[in-house]
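Novice: I need the structure of the sequence given here:
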Amino acid sequence: MGRTRSVADSVVIDRSPLELYEMVGDVTRMGEWSPENKGATREGDGAAQVGDEFVGSNTRGRVSWSTLCTVTRAEPGREFAFRVHEIGGAKRRIPAGIASWQYTFEDHDGGTRVTETWTDDRPWPDALARVFDYLATGGKTFAAFQRGNIRRTLRRLKTVAEADVVR
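Specialist: Residues are numbered from 1 along each chain as shown. So this is what the prediction gives:
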């Protein structure tokens, strides 16, 4: 059986689509709600634009790594997406298809339904991916692991967005 290559989840947040887009599109803030990503660095302020690159800093347990990402969609109030295409340490990253992340924002009963989607872009054979996933996640597939991360990310985004005035 082939591996699951995409998972998604949604939450309704009491903020406008544009406010939430501006939060998520400011990748330097991602560490406020992501369980693994500790934020990103990039040139410029505010929401990133299509073609912008940023470096994400990530930690899982005792392991830390960085990723080079490129924004692929940036439609204020509607969609923000990026592709992770290099992974490694702070000074050296390996070019490779890793994953794509997408956030969509839809009006919903006076708030916004935010949907986060992870897509596995690794061109690896399924058997190799299963072995790597098991080792990297403590016994899960990346799809199952990311499903939990997405759920936690969306809960934290909701908490942060509804508790504070959006910057």
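Novice: what strands line up against the strand of greatest length in the chain, and which way round?
Specialist: Selection of the longest strand in the chain by residue count, based on DSSP state E, yields strand 93-108. Paired with strand 93-108 in the same sheet, following DSSP bridges, are strand 79-88 (antiparallel), strand 111-120 (antiparallel).
Novice: any chance of those in JSON lines, plus distance to Gln146, mean neighbour count and mean pLDDT?
Specialist: Where you see a C-beta, it was placed from the backbone N, CA and C, and this is true even at glycine. Output for the strands paired with strand 93-108, formatted as JSON lines (distance: least, CB to CB, whole Å; neighbours: other CB atoms under 10 Å; pLDDT from 0 to 100):
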{"stretch": "strand 79-88", "distance to Gln146": "12", "mean neighbour count": "20", "mean pLDDT": "96"}
{"stretch": "strand 111-120", "distance to Gln146": "4", "mean neighbour count": "20", "mean pLDDT": "98"}
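Novice: how about the ones you listed, which one is nearest Ser6?
Specialist: strand 111-120 (4.5 Å; CB to CB).
Novice: show me what secondary structure element comes after that closest one.
Specialist: Sequence order places helix 126-137 as the next helix or strand after strand 111-120, per DSSP states H and E.
Novice: what does that following helix contact?
Specialist: Contacts with helix 126-137, where a contact means CB atoms under 8 Å, 6 or more residues apart in numbering, come from Gly2, Arg3, Arg60, Asp120, Arg122, Trp124, Lys140, Thr141, Phe142, Ala144, Phe145.
Novice: and those, which of them are in strands?
Specialist: Reading strands off these with DSSP E, I get Arg60, Asp120.
Novice: report the buried members of the contacts of helix 126-137.
Specialist: Among the contacts of helix 126-137, those that count as buried by neighbour count (16 or more other CB atoms under 10 Å) are Arg3, Asp120, Arg122, Thr141, Phe142, Phe145.
Novice: check those and tell me the two furthest apart.
Specialist: Arg122 and Phe145 (13.5 Å).
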